[in-house]
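In: Got a sequence here, can you build the structure:
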Amino acid sequence: MKSYFLKIRKIILLFPFIIYISAANDNTLVNTGQNQDTIVVYQFDIKDEIAKPVWRITQTAFKNAAELNADYILIHMNTYGGMLNIADSIRTKILNARIPVMVFIDNQAISAGALISVACDSIYMRPGASIGAATVVNQTGEQVPDKYQSFMRSTMRATAEAHGRDTIIRENDTIIKWHRDPKIAEAMVDPVLEIKGLVESGQVLTFTAEEALQNEYCEGIVEDIPSLLKKAGIENYTIREFKPTTIDKIIGLLLSPVVQGLLIMVIIGGIYFELQTPGIGFPLAAATVAALLYFAPLYLEGLAQNWEMIVFAAGLILLALEIFVIPGFGIAGVSGIILVILGLTMAMVDNIAFRFEGIQALDKVLRAFLIVVFSIASSFILSILISKKLFTSKTFRLALNTVQKHEEGYVGIDLHQKEMIGKTGVAYTILRPSGKVEIDGEIYDAKAEISYIEKGEKIRVVRDEAGQLYVIKI
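Out: Just a heads-up that it's a prediction; the model follows:
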């Protein structure tokens, strides 16, 4: 059993290393053999909700583009938006990039997608595409309080202003001409702002491709990426596309709420079965691997923080103390359950959401809490049903089936305990009412006959019933 456990432990320890090697191999950049005069365009997609995975893909894409000495970065976009803090991180990455960034809006660049698009050096749109509607809303689609709208308004203005302006002097007039008009960017957020000829008060601005072109929020209307590059005057080019790595696919799968729920079930079920079997074996190994698969992707995506994993581990320690050290079930057990649920729940929630969403972020906490509680309850029910099947199945004999007959000398209790009646000793632990006592230098399980008995108090054995010693305080 010991050698078996050591093998399992080695596999668990090597698991992160194997994943790392797999990711490293997938991220290797291969030279395609283009000559030095060829223009390199590095392309990646933003076609999902703006969330942590998109931010990680963006960081990797920009890093790969720099390693390739790419001349341009091209974002192929189609999104209805997502998390504001993630969009802000991506737009900052674009604004600080040394490589020119282009975006091709294939269909939609709404809300957070509009902010990212405005940050790009040039915008190209497919006929029928839209950009705008960047008002900040919660999960139900309702507008959040004005302090969040104010943040988004200023961010959109600052992003448009970052593209610079021209100062034009005509006779005695000085005209400021922005490359991207900040007021237009702000009108995509603020329904109160009115721009004559564009949007009336009470409406949020959203441009079609033609409207964006007319108002210089689009450099051209094109059907596809080759047409975009031709429109931009880029010839003799090679396109290098970002391909999701194995680690990207694994993380995406593990972040699915369904998979997260299954992992929680394996964690709880593994602990349950480990308590039902002697020694340390496969159930604990399964629970450990499931815990790693649960927390590792959340940690890599920045959702799970150190304190949340510490809370989860502390909960497990308290439960272990309650089961193996402290008799009965009290504060340690209840606290352990609360901490385990808290750690699993909060690991699913991005802590930055509270900064931007405040009380609205409680919806995310509640959703995560329901996933955790449902998974734990389901795990307990399934574990009980499976354990009954396993221990009673004729195919899988996991229970001892040998009969120990009384006439062969087997007894169900320790007869030595009968001799303990009347003896005195001390309480080895607190008896509330169960605990342990020390008599003649040996430790016995015992139960207080009357009330609780504090550790160290003198006791006397008054009776023995069904193998259980009953004591009273002297």
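In: C-alpha only now, for contacts and for neighbours.
Out: Fine.
In: Counting by contacts, list what the host helix or strand of residue 341 packs against.
Out: Using DSSP states H and E, residue 341 falls within helix 331-347. Applying 3 or more Cα pairs under 8 Å, 6 or more residues apart in numbering; DSSP states H and E, one finds that helix 331-347 contacts helix 306-324, helix 362-392.
In: Give me the below-cutoff pLDDT ranges for the chain.
Out: Counting by pLDDT under 70, the chain contains low-confidence ranges at 1-36, 138-141, 167-175, 276-280, 327-329, 351-361, 388-417, 466.
In: the domain parsing of it - what is it?
Out: 38-243, 247-385, 412-473 (automatic domain parsing).
In: what about the longest one, how long is it end to end?
Out: It refers to domain 38-243. Domain 38-243 has an end-to-end distance of 21 Å (criterion: Cα to Cα, to the nearest Å).
In: burial count for residue 230?
Out: Using other Cα atoms under 10 Å, residue 230 has 11 other residues around it.
In: tell me the SS of it?
Out: In the three-state summary, residue 230 is assigned as helix, counting by DSSP: H, G, I helix; E, B strand; the rest coil.
In: which other helices and strands contact the helix or strand containing residue 85?
Out: Taking DSSP H and E as the definition, one finds residue 85 inside helix 84-95. If you count contacts as 3+ Cα pairs under 8 Å, 6+ apart, helix 84-95 packs onto helix 52-67, helix 112-119, helix 352-357.
In: tell me the most buried of the ones you listed?
Out: Using mean count of other Cα atoms under 10 Å, the stretch among the helices and strands packed on helix 84-95 with the greatest mean number of neighbours is helix 112-119 (a mean of 28).
In: packing partners for it?
Out: strand 72-79, helix 84-95, strand 130-132, helix 146-161.
In: Could you single out the most deeply buried of the ones you listed?
Out: When you average the neighbours per residue for each of the helices and strands packed on helix 112-119 (mean count of other Cα under 10 Å), strand 130-132 leads with a mean of 27.
In: hang on, the earlier thing: looking at the helices and strands packed on helix 112-119, which is nearest to residue 434?
Out: Across the helices and strands packed on helix 112-119, the minimum distance to residue 434, taken as Cα to Cα, is reached by helix 84-95, at 53.2 Å.
In: Next, the angle helix 52-67 makes with the closest one.
Out: Helix 84-95 and helix 52-67 meet at an angle of 10 degrees, taking axes from the mean of the first three to the mean of the last three Cα atoms, to 10 degrees as the criterion.
In: Name the residues of stretch 430-449 that come out as buried.
Out: Counting neighbours by 16 or more other Cα atoms under 10 Å, one finds that the buried residues in stretch 430-449 are 430-439, 444-449.
In: Outside of that stretch itself, list whatever touches it.
Out: By Cα atoms under 8 Å, 6 or more residues apart in numbering, the list of residues contacting stretch 430-449 from outside reads 326-328, 423-429, 451-455, 468-472.
In: Helices of the stretch 101-250 of the chain, residue ranges please.
Out: With DSSP state H, counting those that start in this stretch applied, the stretch 101-250 of the chain shows helices at 112-119, 146-161, 182-187, 209-214, 225-231, 246-254, listed in chain order.
In: what number of residues lie near residue 235?
Out: Under the criterion other Cα under 10 Å, the count of neighbours that residue 235 has is 12.
In: please begin residue numbering at 140 from this point
Out: Sure, I'll start counting at 140 from here, so that last one is residue 374.
In: mind checking how far it is from residue 240?
Out: From residue 374 over to residue 240 the distance is 17 Å, taken as Cα to Cα.
In: Residue 481 now?
Out: 42 Å.
In: quick one: which helix or strand includes the residue nearest to the spatial centre of the chain?
Out: With the centre of the chain defined as its mean C-alpha position, the nearest residue by Cα atoms, centre = their mean is residue 437, 3.1 Å away. Residue 437 is part of helix 421-439, with elements assigned from DSSP H and E.
In: So what touches that helix?
Out: 144, 147-148, 151, 390, 393-394, 399, 402-403, 405-410, 412-413, 443-444, 448, 486-487.
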